[in-house]
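>>> Have a look at this prediction, sequence included:
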Amino acid sequence: IISSVYGEFATQVEGGVITLADIERCIREPMITSDYNTGGKHVAIDFAAGGDSNVIVFRNGNTVSIIKEWKERDTMKTARDMVEILCDLRISKGIQPSMVSGDADGLGLPIIHRIKELGWPVNEFHGGAASTDKMCKNYITDCWINACKKIRNRSIIIPDNQELKLQLTSRKSFQNQTGKLQLESKEDMKARGVPSPDIADAFCMAVGDPAHGLLTQFQVPLPRAKSYSGYF
């Protein structure tokens, strides 16, 4: 269904944050420069339960990859699965807890607490908090606007993933009563039949820098979980 209606649907979203044409051009013609391997590493995690998806996205310099997307109702199993993936990324990509941020609003906070107990004191990303950018309502809006700006400038390499493209182009933004930019809420998206943009949220978080000030880093490491101690 996505394949047959994707192009038509994506071009009909009035007030969308970014267009399909911008995304496709970034995929086809990235502006590869000498700084493509700079900018550090950042892993972003978006949590869900039930019908929505858990997502892990990895940015290495200016290259962004979707590591895994899956559904799981058991939140504690989600935490264990996340830790296993993070341990693999530590071995294969040199990822450290300071390079990881997780969505800490709502359901995500207890999962992050469990991940910390398992030996990964990751950053907490609070998307609903006020943004340091006076033009944006909150941090998640800030992340989406900056990520989409980099796509339009073709300054990042992004995966050619249909679901990511659909989610990025289907979310709207608007100027609120105080004159700030604000993203359409997930509740409003659901009301018009659009699924939760889990992959796009993690993608936009990953494009940002974990040291940008959008995150609250857990400072004191918790005891390492015995089952994962071999990785540290």
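Sure thing, it's come through. Numbers count the residues shown, from 1 in each chain.

>>> can you give me the strands for this structure?
Per DSSP state E, the chain has strands spanning 41-46, 54-60, 63-70, 100-103, 123-125, 173-175, 181-183, 215-217. These are given in chain order.

>>> Which one, of the ones you listed, ends up nearest to residue 131?
Closest of the strands of the chain to residue 131 is strand 181-183, at 9.2 Å (criterion: Cβ to Cβ). Placement of C-beta: from N, CA and C, glycine included.

>>> From the contact counts, what lies against that closest one?
Packed against strand 181-183 by the contact rule (3 or more Cβ pairs under 8 Å, 6 or more residues apart in numbering; DSSP states H and E) you find helix 139-153, strand 173-175.

>>> Select, out of the strands of the chain, the one closest to residue 16.
For the strands of the chain, the distance to residue 16 is smallest for strand 173-175, at 7.7 Å, taking Cβ to Cβ.

>>> Direction included, what does that closest one pair up with?
On the basis of DSSP bridges, the sheet neighbours of strand 173-175 come out as strand 181-183 (antiparallel).

>>> Check the residue nearest the centre of the chain and give its pLDDT.
With distances taken as Cα atoms, centre = their mean, residue 202 lies nearest the centre of the chain, 1.3 Å away. For residue 202, the pLDDT comes out at 96.

>>> The one 5 residues further on now?
Residue 207 is assigned a predicted lDDT (pLDDT) of 95.

>>> for residue 43, same thing?
pLDDT recorded at residue 43 is 97.

>>> ok, now which ones touch it?
Shown here is residue 43, whose contacts under the criterion Cβ atoms under 8 Å, 6 or more residues apart in numbering are 56, 57, 58, 59, 67, 86, 89, 95, 99, 100, 101, 206.

>>> got the CA positions of the helix of greatest length in the chain in CSV?
Residue-count comparison of every helix in the chain, with assignments taken from DSSP state H, identifies helix 75-93 as the longest. Extracted C-alpha coordinates of helix 75-93, given in CSV (Å, rounded to 0.1, in the frame of the first residue of the first chain):
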residue,chain,number,x,y,z
THR,A,75,8.9,-2.8,28.6
MET,A,76,11.5,-4.6,30.7
LYS,A,77,12.3,-7.0,27.8
THR,A,78,12.6,-3.9,25.7
ALA,A,79,15.2,-2.6,28.1
ARG,A,80,17.2,-5.8,28.0
ASP,A,81,17.0,-5.9,24.2
MET,A,82,18.2,-2.3,24.0
VAL,A,83,21.2,-3.1,26.2
GLU,A,84,22.2,-6.1,24.1
ILE,A,85,22.1,-3.9,21.0
LEU,A,86,24.1,-1.2,22.8
CYS,A,87,26.7,-3.7,23.9
ASP,A,88,27.1,-4.9,20.3
LEU,A,89,27.5,-1.3,19.2
ARG,A,90,30.1,-0.7,21.8
ILE,A,91,32.1,-3.6,20.3
SER,A,92,31.5,-2.8,16.7
LYS,A,93,31.4,1.0,16.7
